[in-house]
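Asks: Got a predicted structure plus its sequence, pasted below:
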Amino acid sequence: MKILVALDTEDYSNKILKNVARLAGNTLADIIFLGIQEGTEKLAGPLADTMLKYQQDLASCFNREESPYADFDAEQWQEKQPGDWYMASRGMKEFTLRIRSGSIVKEVLSVARETECDLIILGCNGTAGCEWNGEWNVPLRIAEGGPCSVLVIKDVKRVKQIVSILDQSTVSQEAMELINQLVTLNDSGLNIVGVKGKNERKETEIEQRIVDLLRYYNDRKISTWIKLINSDDVQDYVTGASVDATVALWMGGKQSLLKKIFSRTMVEKLLETSGSSLLILR
Amino acid sequence: MENNQTSILILDDEPIVSKRLRPSLEKKGYKVEAFTTSKEALERIEEHEFDIVVTDLKMEGVDGMQFLTLVKEKYPDTEVIVITGFATMATAKESFTKGVFDFLAKPFKLGEIAEVIARAEAKRKRN
Amino acid sequence: MLKTLLYINEDLASSIALRFTAYVNKFIPVSLHITHIEEPDENKNIGRGWVQRAWEDGVTSSGKRLIDRMLRTESIDCPLAGRPIVEVGDREREILYTLRNGLYELYVEGYLNTADTDLFYNILSSQLYTEAPCPILVVKNLSISKKCALLCADSVDPKLLVEQSMAVLGDSTFNFDIVFFKFCETGDLRILEKAEGGKNLKTAETALLAAGKNIENVTVLLGTPEQVGDYLKEYAIVTSTLPKRNSMRMHVLANSLASVLLVR
């Protein structure tokens, strides 16, 4: 697994590091810390210093002998190309610090594609759908344009439950695998909520899908529950669940019912009000 | 010529993994055998030594950890790569204690596991 | 052995019910009988005499094939006690007839868990549920839990709840908790002092201890049916007396993520 963590100098970025370390420690993922700065000519001192501090903070979460990541040979930024700096180390797993110049969403998406990462993680200030340095709706715009799922961490507490909202469109194998890892990481239960269109009385694809998942997790001894809700009730349900559970929203398929229900505004609102984390699955 | 091919055994109870992985590795010139049950894989291991074994951890019956232990006991030079959908620090540690070459949490891109396999192959050839 | 009748149709609810029954068998050995009812299409003229008999034979064999398919797909670890019972007719009436004549101790069927409480109430107030001669287990989810909860409330006869629940689960190796439900329309779910459960809770506790069970936890919950229904997910089975009306306790059962054992 390869994880791209988008960071800036704000407090919400600092706060997510413990969660990132826990996920990294469990999955032994390759990690890329990415910072974005305005202007292309010079590497910004405060951001570069903060990124190095973040790397040290992550390192401090591991016993030196057990850490999957090695220290940098020399703490020196290399310029890959104008406006693109990096520092990398290879222990058991790869760790890369990267700073790019440009717009946040564009650069995160560009690095995500280039590195073929499996998950993008970022913090959220809870306003304007998570505003980053004047750019609004950063997580949602990354999720919409990104090649992989996006985990927005709002609170560092360990969640007791993952609520996974699915619709009739086929969920990707990668999305399922991410949910598995989050359930394992938090030692939490998994609540699979299937969303049915209005007036669907006959057994539907979504029912087949969630029962298959129930069997899958039950076979693996993971506490899982299924529930079917109507599309009319989904917004209220998700808002309620997001208070203390990590909500995983499947927004991938072109035919996605959830995509229709969850307008941009709704996801923005959810990011503002949610008390926990939101995983936007692709 | 065939004898020079690096042989790989894949064990994962989710057929989708082998389905994705097998053709990609065969294309790279590896000789691949895939199994979805540890029982069948163990039977095959009894009769044939593989250069590299890729195994999932969480399976019915003999689980991946037992499987990798048995493989390493029988063929200490075989490089074992663990893939898991349910990764924990404890299982990662245990895997390395038992001598696995690398530990990959799902999801991963084919390129990522191909790179790990290439490193395992290089190590095996060096030895 | 608990003589159990499981209703199977070719649907997802039945496949969950079949698996869950096999899970329950690990805690209390069940003598499992399976039934399937083919309901004739009212609009279809099936003729009379030998034509009708031939038609019935046809649907009976197709019903048996359906059960075989289901058993093969689920490959459960729980042997059947007899040949599957396949009947043609009204589903509820036929099941009631089989339950009465076969002296069954438990009836099991699956229910795909929905947020639609009216749908659940319709089932609870059906002829089958109100007239069944034995307790009914409504399977809503699979489970890996080893715990059962007895759901008590002010409106519940605690002695009846314990006696009838123990008639089914008394010999099982499940662990038992008592959950006392108190309704509150707003706010977070609260756990109250045990004394808030009053006389009913005390009676249930005494009766359960007298039945030889160690009670692991006694919890008094104050909250909405949705909150309590979610809380109950930690249990494999929640036992309750059959609510006679569309009460808040009925809503708790409708919202329960755990399977529900209804006793009368």
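Replies: Received, thanks. Numbers count the residues shown, from 1 in each chain, chains lettered A, B, ... in the order given.

Asks: C-alpha from now on. contacts and neighbour counts both.
Replies: Noted.

Asks: and the residue of the stretch 51-200 of chain C found nearest chain A, how many residues sit next to it?
Replies: Using CA to the nearest CA, the single residue of the stretch 51-200 of chain C nearest to chain A is residue C:114, 4.4 Å away. Look at residue C:114: counted by other CA atoms under 10 Å in any protein chain shown, it has 21 neighbours.

Asks: do the same with residue C:158
Replies: 26.

Asks: try residue C:6
Replies: For residue C:6, the neighbour count with other CA under 10 Å is 22.

Asks: Tell me if it really is in a helix.
Replies: No: applying DSSP: H, G, I helix; E, B strand; the rest coil, one finds residue C:6 to be strand, outside a helix.

Asks: residues in contact with it?
Replies: Listed by CA atoms under 8 Å, 6 or more residues apart in numbering or on different chains, the contact set of residue C:6 reads C:17-18, C:32-35, C:107-109.

Asks: hang on, the earlier thing: thinking the residue of the stretch 51-200 of chain C closest to chain A is in contact with residue A:228, fair?
Replies: Yes: in this structure, residue C:114 is within contact of residue A:228 by CA atoms under 8 Å, at 4.4 Å.

Asks: which sections of the stretch 1-150 of chain A are below the confidence cut-off?
Replies: The model of the stretch 1-150 of chain A has pLDDT under 70 over residues A:40, A:128-129.

Asks: Regarding the residue in it that chain B sits nearest to, which helix or strand does it belong to?
Replies: As assessed by CA to the nearest CA, chain B sits closest to residue A:26 within the stretch 1-150 of chain A, at 4.3 Å. Per DSSP states H and E, residue A:26 falls inside helix A:17-27.

Asks: again, but for residue C:151
Replies: Applying DSSP H and E, one finds residue C:151 within strand C:147-152.

Asks: who's in contact with the helix or strand that that strand is followed by?
Replies: Sequence order places helix C:158-169 as the next helix or strand after strand C:147-152, per DSSP H and E. With contacts defined as CA under 8 Å, 6+ apart, helix C:158-169 is touched by C:2, C:28, C:105-106, C:135, C:150, C:152, C:200-201, C:203-204, C:207-208, C:211, C:239-241, C:261, C:263-264.

Asks: Which among those residues count as buried?
Replies: The neighbour count (16 or more other CA atoms under 10 Å in any protein chain shown) marks C:2, C:28, C:105-106, C:135, C:150, C:152, C:200-201, C:204, C:207-208, C:239-241, C:261, C:263-264 as buried among these.

Asks: Return stretch B:119-127 as CSV; C-alpha atoms alone will do.
Replies: Output in CSV follows, covering the C-alpha atoms of stretch B:119-127 (Å, rounded to 0.1, in the frame of the first residue of the first chain):
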residue,chain,number,x,y,z
ARG,B,119,13.7,-7.7,-5.4
ALA,B,120,13.0,-11.1,-3.9
GLU,B,121,14.1,-12.7,-7.2
ALA,B,122,17.3,-10.7,-7.1
LYS,B,123,18.0,-11.8,-3.6
ARG,B,124,17.3,-15.4,-4.4
LYS,B,125,19.7,-15.2,-7.4
ARG,B,126,22.4,-13.6,-5.3
ASN,B,127,22.2,-16.4,-2.8
